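Q: sequence unknown, structure follows:
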């Protein structure tokens with residue numbers, strides 16, 4: 001891209017790039033000379049091709065002196081990209097960069113998901129706490145309710161096996 005220069009110092013010619021390109025004599029009060037030095041003619045050529053020398057000179061004259069450097073730099077940057085990319089100009093570059101950012105963000109999200117999956121896979125599995133064994137004292141409500149349910153089921157069928165009855169008596173404490 002172009003380098004910005006604010007003076008014509010160091011140039012071998014007395015004419016600025018604008019006056020050289022337009023084949024005219026460069027006066028001391030030339031509005032283009034401070035912003036388009038002779039040692040960087042491509043900078044002015046792009047600006048002239050896109051905006052026109054008269055329009056650029058008119059814009060620079062309307063601005064405060066402090067704002068002219070920034071404006072000349074902005075115009076030359078926009079003109080450079082418009083010459084390089086005629087359809088989209090600098091907007092095309094911005095769009096490409098935004099697409100790259102989106103693609104990289106998607107890749108980052110996938111990578112973070114993979115990392116968390118690997119971390120979860122390699123993490124030691126903690127067993128949930130086991131409830132205490134159901135060893136309750138004789139006559140406790142839990143055992144009595146189980147014994148009552150079993151007695152009800154057995155009485156429905158009318159058959160009580162003696163070994164089952166003994167087991168239930170041991171559990172129930174009868």
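A: The structure has been received and is ready for your questions. In this text, all values refer to a predicted model and were calculated from it rather than measured experimentally.

Q: how about the helices in this protein?
A: For the chain, the helices identified by DSSP state H occupy 17-22, 41-51, 53-62, 65-84, 90-122, 141-157, 162-172, in order along the chain.

Q: Contacts only, for the closest residue to residue 50 other than its chain neighbours.
A: Counting by C-beta to C-beta, 6 or more residues apart in numbering, the nearest residue to residue 50 once its immediate chain neighbours are dropped is residue 79, at 4.1 Å. The way it works is simple: take the backbone N, C-alpha and C, and place the C-beta from them, glycine included. Contact partners of residue 79, counting by C-beta atoms under 8 Å, 6 or more residues apart in numbering, are 46-47, 49-51.

Q: ok, now with 10 Å
A: When the contact criterion is C-beta atoms under 10 Å, 6 or more residues apart in numbering, the partners of residue 79 are 2, 43-51, 56, 89-90.

Q: Same question for residue 90.
A: Taking C-beta under 10 Å, 6+ apart as the contact definition, residue 90 lies against 74, 77-82, 84.

Q: ranking those residues by neighbours, who comes first?
A: Within those, most neighbours by other C-beta atoms under 10 Å means residue 79, with 23 neighbours.

Q: Which of the contacts of residue 90 sits closest to residue 24?
A: Nearest to residue 24 among the contacts of residue 90: residue 79, at 20.3 Å, using C-beta to C-beta.

Q: distance of the closest one from residue 36?
A: Noted for residue 79: a distance of 11 Å to residue 36, by C-beta to C-beta, to the nearest Å.

Q: what do the two both touch?
A: Counting by C-beta under 10 Å, 6+ apart, the shared contacts of residue 79 and residue 36 are 2, 43-45, 47-48, 56.

Q: need the residues you listed in JSON lines with distance to residue 108, can you?
A: Supplementary listing: the shared contacts of residue 79 and residue 36 in JSON lines, determined by distance: C-beta to C-beta, whole Å:
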{"residue": "2", "distance to residue 108": "34"}
{"residue": "43", "distance to residue 108": "38"}
{"residue": "44", "distance to residue 108": "43"}
{"residue": "45", "distance to residue 108": "42"}
{"residue": "47", "distance to residue 108": "39"}
{"residue": "48", "distance to residue 108": "44"}
{"residue": "56", "distance to residue 108": "43"}
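
Q: Identify the farthest-apart pair in those.
A: Spanning the widest gap among these are 2 and 56, at 14.2 Å by C-beta to C-beta.

Q: Compare these two (neighbour count), which wins?
A: residue 56 (24 against 16).
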